[in-house]
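Colleague: Have a look; sequence and predicted model below, questions after that.
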Amino acid sequence: MGQSKNNGAGEADTGDSGGKLPALSINDAIKMLFRSEKQALIRLVNGALGESHDINAAELVELNAEFINWRAASDEPEAASFDLEKIIADMIFTLDGTAYHIEFQTKADKSIAIRIMGYGAMHAMGGLRKNASGGKVVFELPVPVLIQIDKDEGLPDKIPAQVKMSGRDGGLDFGITVLKLWTYGVDDLVNRGFYLLLPFLLIRHRKEPKAAGSAEALLSDLRKIEEAVSGLYEGKLISPNLRADIYAVVDGIVKNINVKYYGSDLEIDMGLKEMEEARALFSHELIAKGKAEGKADGEAVVMQIIKLFVQKKKPKEISEALNIPLAKVTDVLQKSGLMEMPQ
């Protein structure tokens, strides 16, 4: 649970560092996206569970966090390690002291409820506490949400579950809320505030790649998502970081589908190029924003340094492209673990 997964399906040359970097997996991409913006995660929790956490003031604590770099493959299509048949990412975090567990699943798996309860129990073991008044031990499970990507008509809106002691009557009944992604469109997700789920609508297009008009349908959804994300950003509903990360995950998913299921369809490639051009323009905006704030080592600039580096740009080339000192570039790469520290 919460472990970074990598199937070794691609490597990126690290330039001057002399090593190799693994491509980012779909599970790591999900975790990167869900950590991109606190407000978007709170909106998802509020909308899915009917909670009322303050979008700006709620206290967020990540309980299974680890450092994840965006590492794109160079010799193979970007995000070649995106295995869209095996999404097993999970996130456990607290908002204002209440723990939540979000689990992703592509294909229907009837054992998912047991696995979610098992993950919750592992979390509870780390948080056992005694009631201050009576000394009672409290075994506290996080509130679960399952995001089901593939269609499964037999899946209820809430999976019934119970915790009980063997051989004893009674028990604690609860439900696992299910978000059935296949029932949503782009507008639905935007209206519900489920911005973080927009890229995953595209995964359904791997199901029938030979069907008539399937490539056109994928392109249509791609353009709708790009338009929606642009509108959310212009309306100040999402941050620059979230916009960039949504585009990055969309790019990886579509490239994976196009290579594996459509045989590198030219029209899909062209559709992606349009989005990548928008990403490039947006990247310049991030750099300008960082410089305007007087933050040569700000988050926007750091993100650009890392992205250019994993795209096989040498530190000197990055320095010239971003118009920042070479020493600043190497410092960022060393602190990020992408280059060795000087001995």
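Modeller: Looks like it arrived, so ask away.

Colleague: Tell me how far the nearest residue to Ser319 once chain neighbours are set aside lies from Lys313.
Modeller: Nearest residue to Ser319 in three dimensions, chain neighbours excluded: Leu326, at 4.2 Å (CB to CB, 6 or more residues apart in numbering). From N, CA and C alone the C-beta is placed, and that goes for glycine too. In this view, Leu326 and Lys313 are 12 Å apart by CB to CB, to the nearest Å.

Colleague: cool, and Lys224?
Modeller: 32 Å.

Colleague: same deal with Leu242?
Modeller: In terms of CB to CB, Leu242 sits 24 Å off from Lys313.

Colleague: Of the two, give the one with the bigger neighbour count.
Modeller: Leu242 (22 against 18; other CB atoms under 10 Å).

Colleague: May I have the helix or strand harbouring that one exported as CSV, CA atoms only?
Modeller: In this structure, Leu242 sits in helix 240-261 according to DSSP states H and E. C-alpha atoms of helix 240-261 as CSV (Å, rounded to 0.1, in the frame of the first residue of the first chain):
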residue,chain,number,x,y,z
PRO,A,240,-1.0,26.3,-12.5
ASN,A,241,0.5,23.1,-11.1
LEU,A,242,-2.7,21.1,-11.4
ARG,A,243,-3.2,22.2,-14.9
ALA,A,244,0.3,21.1,-15.9
ASP,A,245,-0.1,17.8,-14.1
ILE,A,246,-3.5,17.0,-15.6
TYR,A,247,-2.0,17.6,-19.1
ALA,A,248,1.0,15.4,-18.2
VAL,A,249,-1.2,12.5,-17.2
VAL,A,250,-3.6,12.9,-20.1
ASP,A,251,-0.5,12.9,-22.4
GLY,A,252,0.8,9.6,-20.9
ILE,A,253,-2.6,7.9,-21.0
VAL,A,254,-3.4,8.8,-24.6
LYS,A,255,0.1,7.9,-25.9
ASN,A,256,-0.2,4.5,-24.2
ILE,A,257,-3.6,3.8,-25.7
ASN,A,258,-2.5,5.0,-29.1
VAL,A,259,0.6,2.8,-29.3
LYS,A,260,-1.0,-0.3,-27.7
TYR,A,261,-4.5,-0.3,-29.1
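
Colleague: starting at the chain centroid, how far to that helix?
Modeller: Distance of helix 240-261 from the chain centroid (CA atoms, centre = their mean, to the nearest Å) equals 10 Å.

Colleague: packing partners for it?
Modeller: Packed against helix 240-261 by the contact rule (3 or more CB pairs under 8 Å, 6 or more residues apart in numbering; DSSP states H and E) you find helix 26-34, helix 214-234, helix 266-292, helix 299-310.
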